[in-house]
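**Student:** For reference, the sequence and a predicted model appear below.
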Amino acid sequence: LPASTTSTSTTVSKHVTKKQKDVDYAMAKGGQASLRRVLRAYNIYDSDVGYCQGMNFITAMFITFMSEEEAFWMLVAVMNDSPCKMRGLFGEGMSEAHQVLFVAERLIHHYNPKLAKHLEEENIHITMYATQWLLTLFTSSFPFDLVTRVWDCFLAEGWKVPYRVMLALLEQATPDLLNLHFEEILGYIRELPLKVNGGKVMDDAFKIPLRWKHIQKYAKEYSEREKS
């Protein structure tokens, strides 16, 4: 194997072997070996992206429901095809990841200004919690009950869904978070996945009047800021 492929295979092995808390979906069907094979195959298929941490959680979820080959092509589809198009999150520079987080922060200011102000005052940046949520579409830490619901909707509707879910999670947590300070907030957010009710989160998420025009507005704002 070329040196770059060998290096990536080693990285994949480390991340797959590392315990994935309570969301180790792949262990229920096919195990770590299946996950390694799918991730290594994608590294060869799309060498410009290769393997990035976070892809293991998404792929592990796919393996729970389908064969290795189907999981591979599913990964290819969500990375490249509408309405998901996740490839830019993992490409060089991760420019689209920065955009996703910028949009997320602006949406929190728009829909939950009181919490946004409190988080700013406590020096809690969007990257401290939403990076893991949004870049893995909640697969890295949230229970299957929520993850499967998110992905059912994400595959059909795209990025409006994870933004809605993020806003719903924060809205439900707002009464508690407003009474907490920096370290307490971080601790609360770490434990949040253990407390959520997937059905309730999704019900609340779809009550939020989020429109594509809001997402597009903030995405355009990010692009213009990057050009200046």
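**Tutor:** That came through fine. Numbers count the residues shown, from 1 in each chain.
**Student:** any low-confidence regions in the chain?
**Tutor:** Across the chain, the ranges flagged by pLDDT under 70 are 1-30.
**Student:** Which elements pack onto the strand or helix carrying Glu120?
**Tutor:** Assigned by DSSP states H and E, Glu120 belongs to helix 113-121. Using 3 or more Cβ pairs under 8 Å, 6 or more residues apart in numbering; DSSP states H and E, the elements in contact with helix 113-121 are helix 95-111, helix 160-177. From N, CA and C alone the C-beta is placed, and that goes for glycine too.
**Student:** How about residues contacting the very next helix or strand once past that helix?
**Tutor:** Reading on from helix 113-121 to the C-terminus, the next helix or strand found by DSSP H and E is helix 130-135. Counting by Cβ atoms under 8 Å, 6 or more residues apart in numbering, helix 130-135 makes contact with 54, 89, 97, 100-101, 104-105, 140-142, 162-163, 166, 169, all of which sit outside it.
**Student:** Columns neighbour count and distance to Leu39 on top of the residues you listed, output as CSV?
**Tutor:** Shown next, in CSV, are the contacts of helix 130-135 (neighbours: other Cβ atoms under 10 Å; distance: Cβ to Cβ, whole Å):
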residue, neighbour count, distance to Leu39
Gly54, 20, 11
Leu89, 22, 16
Ala97, 20, 19
Val100, 25, 22
Leu101, 19, 24
Ala104, 24, 26
Glu105, 19, 30
Ser140, 21, 15
Ser141, 19, 19
Phe142, 25, 21
Pro162, 24, 22
Tyr163, 24, 27
Met166, 22, 26
Leu169, 24, 28
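**Student:** any chance of these in CSV, with distance to Gln216 too?
**Tutor:** CSV is the format used below for the contacts of helix 130-135 (distance: Cβ to Cβ, whole Å):
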residue, distance to Gln216
Gly54, 25
Leu89, 18
Ala97, 18
Val100, 13
Leu101, 16
Ala104, 14
Glu105, 16
Ser140, 27
Ser141, 29
Phe142, 27
Pro162, 16
Tyr163, 12
Met166, 17
Leu169, 23
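**Student:** Which member of those residues is positioned nearest Ala156?
**Tutor:** If you rank the contacts of helix 130-135 by distance to Ala156 using Cβ to Cβ, Pro162 comes first, at 12.7 Å.
**Student:** buried sites along the helix or strand harbouring Ala33?
**Tutor:** Here Ala33 is covered by helix 31-45, with elements defined by DSSP H and E. Within helix 31-45, the residues scored as buried using 16 or more other Cβ atoms under 10 Å are 32, 34-43.
**Student:** Does Pro83 touch Gly158 like I think?
**Tutor:** Yes: assessed by Cβ atoms under 8 Å, Pro83 is found in contact with Gly158 at 2.8 Å.
**Student:** Please say which of those two ends up with more neighbours.
**Tutor:** The neighbour comparison of Pro83 against Gly158 (other Cβ atoms under 10 Å) goes to Gly158, with 16 against 13.
**Student:** which residues does that one contact?
**Tutor:** Contact analysis of Gly158 by Cβ under 8 Å, 6+ apart lists 82-85.
**Student:** which of those residues are buried?
**Tutor:** Of these, these count as buried by 16+ other Cβ under 10 Å: Cys84.
**Student:** For Arg211, state which of the contacts of Gly158 is nearest.
**Tutor:** Nearest to Arg211 out of the contacts of Gly158 is Pro83 (Cβ to Cβ; 15.0 Å).
**Student:** check contacts around that closest one.
**Tutor:** By Cβ under 8 Å, 6+ apart, the contact list for Pro83 reads 154-159.
**Student:** one more time with 10 Å
**Tutor:** 154-161 (Cβ atoms under 10 Å, 6 or more residues apart in numbering).
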